[in-house]
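A.B. asks: Next one to model:
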Amino acid sequence: MLVRELNGAMHALLERDPRVVVLGEDIADPYGGAFKVTRGLTTAYPDRVLTTPVSEGALVGVAAGLAMAGYRPIVEIMFGDFVSLAFDQVVNHVTKYGPMYAGKVTCPVIIRTPSGGHRGYGPTHSQSLEKHFLGVPNLIVVAASLSHDPARILGELLGRDEPALYVEHKLLYPESLALPRDGRVGAALGHEEASAGHLPTVAISYVPRSECRATVLAYGYTALLAQRAIEQLAVEEEVFAELLVPAQIAPMDWAPVEASVSVTGSLVTAEEGMAGWSWGVEAAAEIGRRRFSHLRRPVQVVASGPGIIPSSRELERQVLVGVDRIAAAVREAAA
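C.D. replies: Numbering: from 1, shown residues only. Here you go, the predicted structure:
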């Protein structure tokens, strides 16, 4: 399960590197965090895994100081909605210290947070707010998925001198990884692509790329929904699409997307964040500029509806992106 993989990755990082410290609210045993990612860490490393007061701004501020002093802090924000309380620290401090001091200091803080809905948690515990951090200079934004090994991703982030926001959708925690091995992901074809300096993008399809009529670009839990959608279309309607799942969603590696769209001729983006001024809109602009002559039709952007996320499970389902909405967009794009 992803939660166990994340927990194991954190254990390994703490064991391997004495500079690693973990900070967060209610992460101490026996509770071990709201989603149990940090369970066992305070028992094993009581001096470097610390429960903090309930103040996200202070938490990230302390982590920034530790990072500049040579530590490698990993911060857990209990719910992704609360990362808004640390927005000032991230945008005006953590990401600016390096350039402000001409590279004489670095601030490699990793901020982890569970995000997303589909659990009936209501308006303030169900959001996907990562789009508000896209485009912030010197900030890497990464999304956990079942197609990427969290130990590898966290290890690579730890080896950099840049701050990072690592979002983990709640519904992925109980799911098992499906990593590309020997050219396959489950029953699908799968392989990794990456440009220098970027984390990998995994390409998944049920037929070779040359037979696909659409490219689907999605991350996190929405990528799992998108994979279900392209499998359903392949089996039931013989409509074939290639799914691209990036680990790093900002700064974005556009090369794998360009390569796929150059063959398929269309692009659908899918994300759980609210529609408007979004990651998908940025992808549409970039690919429209880079591969305009290859596109048969405008890029389709699939996102959740505007407004707050309801507590009612049925109303929540109507607002958030689901398999049917992605499948409808892919069907149209492949026509």
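
A.B. asks: Can you check the pLDDT for residue 191?
C.D. replies: Looking at residue 191, its pLDDT stands at 87.

A.B. asks: same thing with residue 159?
C.D. replies: At residue 159, pLDDT is 91.

A.B. asks: How many residues are close by it?
C.D. replies: 10 (other CB atoms under 10 Å). Where you see a C-beta, it was placed from the backbone N, CA and C, and this is true even at glycine.

A.B. asks: For it, give me its contacts.
C.D. replies: Residues counted as contacts of residue 159 (CB atoms under 8 Å, 6 or more residues apart in numbering): none.

A.B. asks: likewise residue 158?
C.D. replies: 13, 17, 20, 72, 108, 110.

A.B. asks: What strand or helix carries the fifth one?
C.D. replies: Taking DSSP states H and E as the definition, one finds residue 108 inside no helix or strand.

A.B. asks: wait, it sits on residue 71?
C.D. replies: No - Residue 108 is beyond contact range of residue 71, at 9.0 Å (criterion: CB atoms under 8 Å).

A.B. asks: hmm, back to that, of the contacts of residue 158, buried ones?
C.D. replies: Buried members of the contacts of residue 158, counted by 16 or more other CB atoms under 10 Å: 13, 20, 72, 108, 110.

A.B. asks: Please enumerate the strands of the stretch 51-200 of the chain.
C.D. replies: Secondary structure of the stretch 51-200 of the chain (DSSP state E, counting those that start in this stretch): strands at 72-76, 110-115, 140-143, 164-169, 184-185, 188-193.

A.B. asks: Same list (the ones you listed) but as JSON lines, adding distance to residue 299.
C.D. replies: Formatted as JSON lines, those follow (distance: least, CB to CB, whole Å):
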{"stretch": "strand 72-76", "distance to residue 299": "34"}
{"stretch": "strand 110-115", "distance to residue 299": "24"}
{"stretch": "strand 140-143", "distance to residue 299": "20"}
{"stretch": "strand 164-169", "distance to residue 299": "23"}
{"stretch": "strand 184-185", "distance to residue 299": "24"}
{"stretch": "strand 188-193", "distance to residue 299": "19"}
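
A.B. asks: quick one: which of those is nearest residue 306?
C.D. replies: Closest to residue 306 of the strands of the stretch 51-200 of the chain is strand 110-115 (CB to CB; 18.1 Å).

A.B. asks: Specify which member of the contacts of residue 158 is nearest to residue 304.
C.D. replies: Among the contacts of residue 158, and counting by CB to CB, the member closest to residue 304 is residue 110, at 26.4 Å.

A.B. asks: and that closest one, what does it touch?
C.D. replies: 72, 73, 74, 75, 154, 157, 158, 163, 164, 166.

A.B. asks: Next: residue 295.
C.D. replies: Residue 295 neighbours (CB under 8 Å, 6+ apart): 261, 265, 266, 267, 287, 288.

A.B. asks: now, the most widely separated pair of those residues?
C.D. replies: Among those, 265 and 288 lie farthest apart (CB to CB), at 13.1 Å.

A.B. asks: So for those two, which sits in the more crowded spot?
C.D. replies: Neighbours were counted for residue 265 and for residue 288 using other CB under 10 Å; residue 265 has more, 18 against 14.

A.B. asks: ok, back up a step: among the contacts of residue 295, which are located in helices?
C.D. replies: Among the contacts of residue 295, the members found in helices (DSSP state H) are 261, 287, 288.

A.B. asks: Residue 131 contacts residue 277, correct?
C.D. replies: Yes - here residue 131 reaches residue 277: they are 7.2 Å apart, a contact under CB under 8 Å.

A.B. asks: ok, which stretches of the chain are helices?
C.D. replies: 2-16, 41-44, 56-68, 87-89, 97-100, 150-158, 220-237, 255-264, 279-290, 313-319, 323-334.

A.B. asks: May I have the fifth one as CSV, with CA atoms only?
C.D. replies: The C-alpha coordinates for helix 97-100 follow below in CSV (Å, rounded to 0.1, in the frame of the first residue of the first chain):
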residue,chain,number,x,y,z
TYR,A,97,16.2,32.6,0.6
GLY,A,98,18.6,31.0,-2.0
PRO,A,99,18.3,33.7,-4.6
MET,A,100,18.1,36.5,-2.0
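
A.B. asks: State the mean pLDDT of that helix.
C.D. replies: Helix 97-100 comes out at a mean pLDDT of 92.

A.B. asks: Now find how far off-centre that helix is within its chain.
C.D. replies: 25 Å (CA atoms, centre = their mean, to the nearest Å).

A.B. asks: circling back to that earlier point, any chance of the helices of the chain in JSON lines, with distance to residue 25 too?
C.D. replies: Formatted as JSON lines, the helices of the chain follow (distance: least, CB to CB, whole Å):
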{"stretch": "helix 2-16", "distance to residue 25": "16"}
{"stretch": "helix 41-44", "distance to residue 25": "13"}
{"stretch": "helix 56-68", "distance to residue 25": "7"}
{"stretch": "helix 87-89", "distance to residue 25": "15"}
{"stretch": "helix 97-100", "distance to residue 25": "24"}
{"stretch": "helix 150-158", "distance to residue 25": "20"}
{"stretch": "helix 220-237", "distance to residue 25": "22"}
{"stretch": "helix 255-264", "distance to residue 25": "37"}
{"stretch": "helix 279-290", "distance to residue 25": "27"}
{"stretch": "helix 313-319", "distance to residue 25": "25"}
{"stretch": "helix 323-334", "distance to residue 25": "34"}
